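Asks: give me a 3D structure for the following:
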Amino acid sequence: MTRLLPHPLLTPVLTGIWLLLNNSIEPGHILLGFLLGWIIPVLTIRFWPEKAVIRKPMTLLRFGAIFLYDIVVSNFTVARLILGNPDKLTPVFVKLPLDLTSDLAISLLASSVTLTPGTLSARLSTDRSTLLIHALNETDPDALVATIKQRYERPLKEIFESC
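Replies: Got it, this is the predicted structure:
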């Protein structure tokens, strides 16, 4: 069964993304989306270093909602900062000590930080214990670290790692 459907949650997600990209729920698009959602994981199974085990699906949904909310709010904040007075920006690099150990969880954390406007994951330390983050405008680096750990890292640890 694992060879036929290596990532059962990825298939409907990819199908949904296909339907959203095509802005259509025609039967042909649903079938093609399902076919792509099935064949992509089958063809890429050897590139996945570990099997993703979601320990708390409701925490994953809550994380997704928080992440989407942060993206929307950050877009408005960055637009206001850039259109306002960009000379008053205080960019900063911050080191985020990681509690995560899973490659997937670290990758999702780094991606979440990068996809949120105003922040960017710059470098993962070689020992995988620290993530260097660039913030467009931050006066309190400790508060940024605390926010990322609380809003992103803690839920990812609950979802993908045993606490």
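
Asks: what helices and strands are in contact with the worst-scoring helix or strand of the chain on mean pLDDT?
Replies: Lowest by mean pLDDT, DSSP states H and E among the helices and strands of the chain is helix 10-22, with a mean of 85. Contact here means 3 or more CB pairs under 8 Å, 6 or more residues apart in numbering; DSSP states H and E; on that basis helix 10-22 packs against helix 27-44. (Glycine included, C-beta is placed from N, CA and C.)

Asks: ok, and what's touching the least confident helix or strand of the chain?
Replies: 5, 25, 29-30, 32-34, 36-38, 40-41 (CB atoms under 8 Å, 6 or more residues apart in numbering).

Asks: swap the cut-off to 10 Å and go again
Replies: The contact list for helix 10-22 (CB atoms under 10 Å, 6 or more residues apart in numbering) reads 5, 7, 24-26, 28-42, 44, 48, 52.

Asks: same question for stretch 77-85.
Replies: Residues outside stretch 77-85 that contact it (CB under 10 Å, 6+ apart) are 70, 88-89, 116-119, 136-137.

Asks: I'm done for today, thanks for sticking with me.
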